[in-house]
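> Below: sequence and its predicted model.
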Amino acid sequence: MKKTISGMLAFYLAACIVLASLVVAMPLIGSKRYMVEARGGIIHETFTESIVYSVKEDDEEYSNPYRLPLYYSPYTNTCAVTAGGVAIAYFDISYPNLIPNSSGFEIGTTYLYPAQGSTGSAVNNMFAELYEMTNSSDNGTTIPDFKSGMEEYVESKGYDLTMTDIYSNHLDFEACKTALEAGKLVTVFVDGFSVYDNEIRYDGYDTMTCTVVNGAHTLTAYGYSVIKYYDASMNIVAEYEFLLVQSGMPTLGLTRLRVDSGCTIDDAYVLDVN
Amino acid sequence: MNREDKKIQKAIDENLKPQKSFAEWAKEHDVELTPVNLQPGGAAYGRHEEKANGSSKIVVRRTISAVIAYSVIVAIFVSLIAVSVIMLPNNDVKHYQQSDTVSVLSSLDEAADYPEMLLFDTSSLYQMTSVFRQVAKDDESVTLAYIFSDCVFVYGDPETNPYVINATYIVRTHPGYEFMGLSDYDSLPDSVSISDVEMKYRFNDEEANVNVRFAYGDFEYFLEISGMPGVTELTESRVICVLAKLFCSNFADCKVDLMCGTSPAFNG
């Protein structure tokens, strides 16, 4: 009789082990992970922030009417080439030899950048030159190589590029605002960052979707936005400082990079061509 | 108790006292006693044990029955769970994040050749900034999505009364691709059916744009549509018309009501 009971208990124990193994294995099925890709990094988490408030101030903002084109470098791990390339495309509006044989046009107050096109197009030729000049590879681009490569490219087209460093222990956000309002661009190098979009207003509260991304990345900004939320006693309950950026990711396009929190900035430069 | 009462009590006790103890009686009748814990909470509480002359032994039948029944239930439960896990749909779907992917330059023609892909009506397409095919980094033959960025559509008379919209169109060809920005298409509150294709959408007042998501065939489709500053402001009442303009050409019997007002852009 004892043998029967022991057998039953052994079967029960074995069944529990099998069940536990299956439960543990379930999340692992089909979730193979890969190495970091500099163009996008790894999404650490996505969540929705809700901000309850009485008063909202969001009139401190500037968005360059030309925005930035949704171009992407056709090379792997070259977010810096994308960030530099879209800046060159922007300056090409005023300095048309930057991307030879390429011109956009305006509809209403919106400037339409020329299509990126296929291999061999004017825009892709620009990316190819920039890729070489910035010594980029599948491992990405260094900041010194980005600077020297951008300067070399612009000078090769007959213009001068100035890059003013506006990062020293922290991002000089006021300098960002001044530069952006003057029609210049800001390129930021980050190592872990958060983008906020999908802002929805409800009665008495707002929600925003925050995506936290790990990994080194480069983005170029064309504007900024500051949002402050207050309670009924005008005590501040939340504050956000954003740069309006071309994300460097085709599925995300233009978005908002939060720079006052949730973002590790390594360096930042104001870009201008003359 | 008085004296007489004590006498009576003593007499009763003497008459009730057994002539031999139970142990002596058991020995005489070859009954073996086994000590068991019959106290409440004891292992044998409420159970009888009979063990007499090798054939009258009391067994713990209820314990064995309970163990067997319990084991059978557990076995059935485990079997059901195991079968369910094995039979789970999409069990083999690999998940890809942005970091698992590579962007490959593509074109509208290439996308049009992709089997079963639902494309927008290109007859009014004025320009498209870029087309990329997102592929798996470890196997570039695995296509995860097509992304058509900044597609500008012009309806009506481009010179006198243009109605211009700008759309970014993402076709997710692999269900495991968790692309950046996917959460923008969660919990879309409104919906419209265009030729039996249910499209969910959310109009964002603040930015005057709309996020749209729908499934067709094996793929999922994501659109962000806005107007064109200085030319066209997208309004919520026009969302359905815009979607109809973009997709009705794919269906012979497009059922959407195209009563979109008197703008030349939508008279046809």
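Arrived safely, thanks for sending. Numbers count the residues shown, from 1 in each chain, chains lettered A, B, ... in the order given.
> what's around the closest residue to residue B:120 other than its chain neighbours, how many residues?
The shortest distance from residue B:120 to any non-neighbouring residue, by C-beta to C-beta, 6 or more residues apart in numbering or on different chains, is to residue B:246 (4.4 Å). Yep, even glycine has a C-beta here, placed from its N, CA and C like the rest. Residues lying near residue B:246 (other C-beta atoms under 10 Å in any protein chain shown) number 24.
> hang on, residue B:246 in a helix?
Yes - under DSSP: H, G, I helix; E, B strand; the rest coil, residue B:246 falls within a helix.
> What separation do you get for it and chain A?
Remark: distance between residue B:246 and chain A (C-beta to the nearest C-beta, to the nearest Å) = 18 Å.
> Which pLDDT value belongs to that residue?
The confidence metric pLDDT takes the value 90 at residue B:246.
> Correct me if wrong: it contacts residue B:151.
No - checked against C-beta atoms under 8 Å, the pair residue B:246 and residue B:151 is beyond contact range at 9.3 Å.
> Report the set of residues contacting both of these two.
Listed as contacting both residue B:246 and residue B:151 by C-beta atoms under 8 Å, 6 or more residues apart in numbering or on different chains are B:120, B:167.
> The residue nearest to residue A:71 when sequence neighbours are not counted: what's it in contact with?
Using C-beta to C-beta, 6+ apart and skipping the chain neighbours, the partner closest in space to residue A:71 is residue A:116 (4.9 Å). Contacts of residue A:116 were listed using C-beta under 8 Å, 6+ apart, and they are A:69, A:71, A:72, A:123, A:124, B:105, B:129, B:130.
> Which element, helix or strand, includes residue 128?
In the absence of a named chain, chain A is used. Using DSSP states H and E, residue A:128 sits in helix A:122-133.
> The chain in question should be chain B.
Secondary structure (DSSP H and E) places residue B:128 in strand B:125-136.
> check whether that strand contacts chain A.
Yes - Strand B:125-136 lies within reach of chain A by C-beta under 8 Å from any C-beta of the partner chain, at B:127, B:128, B:129, B:130, B:132, B:134.
> just to revisit the earlier point, and the residue nearest to residue B:120, how far is that from residue A:49?
Counting by C-beta to C-beta, to the nearest Å, the separation of residue B:246 from residue A:49 is 32 Å.
> now residue B:169
Distance from residue B:169 to residue A:49, counting by C-beta to C-beta: 28 Å.
> who has more neighbours, the two?
Legend: neighbour count by other C-beta under 10 Å for residue B:169 and residue A:49, higher for residue B:169 (23 against 13).
> Per-residue pLDDT of the closest residue to the more buried one other than its chain neighbours, please?
Spatially, and ignoring its direct neighbours in sequence, residue B:169 is nearest to residue B:148 (4.2 Å; C-beta to C-beta, 6+ apart). On the pLDDT scale, residue B:148 is placed at 96.
> got it, and residue B:57?
Value for residue B:57, per-residue pLDDT: 51.
> Equivalent analysis for residue B:103, please.
pLDDT, residue B:103: 90.
> wait, does the host helix or strand of it contact chain A?
Using DSSP H and E, residue B:103 sits in strand B:101-105. Yes - applying C-beta under 8 Å from any C-beta, one finds strand B:101-105 touching chain A at B:101, B:102, B:103, B:104, B:105.
> where along the chain do the strands fall?
No chain in the question, so chain A it is. A:42-52, A:55-63, A:105-107, A:110-112, A:161-165, A:185-201, A:205-230, A:236-246, A:254-258, A:265-273 (DSSP state E).
> that's the wrong chain, I wanted chain B
According to DSSP E, the strands that chain B contains are B:96-97, B:101-105, B:125-136, B:139-157, B:161-172, B:177-178, B:190-194, B:197-204, B:209-216, B:219-226.
> now those as TSV including distance to residue A:212?
TSV is the format used below for the strands of chain B (distance: least, C-beta to C-beta, whole Å):
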stretch	distance to residue A:212
strand B:96-97	12
strand B:101-105	18
strand B:125-136	21
strand B:139-157	22
strand B:161-172	21
strand B:177-178	14
strand B:190-194	29
strand B:197-204	22
strand B:209-216	21
strand B:219-226	21
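> nearest to residue B:238, of these?
Ranking the strands of chain B by proximity to residue B:238 (C-beta to C-beta) places strand B:161-172 first, at 8.4 Å.
> for whatever residue of the stretch 151-268 of chain B ends up closest to chain A, what are its contacts?
Nearest residue of the stretch 151-268 of chain B to chain A: residue B:230, at 2.8 Å (C-beta to the nearest C-beta). Contacts for residue B:230 (C-beta under 8 Å, 6+ apart) come out as A:107, A:108, A:109, A:110.
> tell me the phi and psi of it?
phi 90, psi -10 (degrees, to the nearest 10).
> likewise residue A:77?
Torsion angles, degrees, to the nearest 10, at residue A:77: phi 60, psi 40.
> per-residue confidence at it?
85.
> do the same with the one 4 residues further on
Residue A:81 carries a pLDDT value of 96.
> Let me see the contact set for it.
Listed by C-beta under 8 Å, 6+ apart, the contact set of residue A:81 reads A:73, A:75, A:127, A:130, A:131, A:134, A:136, A:141.
> Can you give me the domain assignment for chain B?
Per automatic domain parsing, the structural domains of chain B span B:3-86, B:96-266.
> any idea which of these is most buried?
Neighbour counts (mean count of other C-beta atoms under 10 Å in any protein chain shown) averaged over each of the domains of chain B peak at domain B:96-266, with a mean of 18.
> Let me see the contact set for residue A:179.
By C-beta under 8 Å, 6+ apart, the residues touching residue A:179 are A:164, A:166, A:185, A:186, A:270, A:272.
> which one of the residues you listed sits closest to residue B:110?
residue A:185 (31.8 Å).
> Wait, that closest one touches residue A:87, no?
Yes - at 5.0 Å, residue A:185 counts as touching residue A:87 under the criterion of C-beta under 8 Å.
> gap between residue B:143 and chain A?
Taking C-beta to the nearest C-beta, one finds residue B:143 at 14 Å from chain A.
> so where's the stretch 51-200 of chain A uncertain?
For the stretch 51-200 of chain A, no stretch is flagged by pLDDT under 70.
> Correction: the previous question concerned the stretch 151-268 of chain B.
Residue ranges of the stretch 151-268 of chain B with pLDDT under 70: B:255-268.
> residues in it within reach of chain A, list them.
Near chain A, when you scan the stretch 151-268 of chain B using C-beta under 8 Å from any C-beta, you find B:152, B:162, B:164, B:168, B:170, B:176, B:178-184, B:202, B:204-207, B:211, B:224, B:228-232.
> now with 6 Å?
Residues of the stretch 151-268 of chain B lying near chain A by C-beta under 6 Å from any C-beta of the partner chain: B:164, B:168, B:170, B:179-181, B:183-184, B:206, B:228-231.
> tell me the centre residue of chain A?
By C-alpha atoms, centre = their mean, chain A has its centre lying nearest to residue A:247, at 3.3 Å.
> Give the closest residue to it in space, chain neighbours not counted.
residue A:255 (4.9 Å).
> Confirm for me that that neighbour is in contact with residue A:195.
Yes - look at residue A:255 against residue A:195 with C-beta atoms under 6 Å: they come within range, at 4.7 Å.
> follow-up on the earlier one: so for residue A:234, which of the domains of chain B sits nearest?
Across the domains of chain B, closest to residue A:234 is domain B:96-266 (C-beta to C-beta), at 22.9 Å.
> Off-centre distance for that closest one?
Relative to the centre of its chain, domain B:96-266 is centred 26 Å away, using C-alpha atoms, centre = their mean, to the nearest Å.
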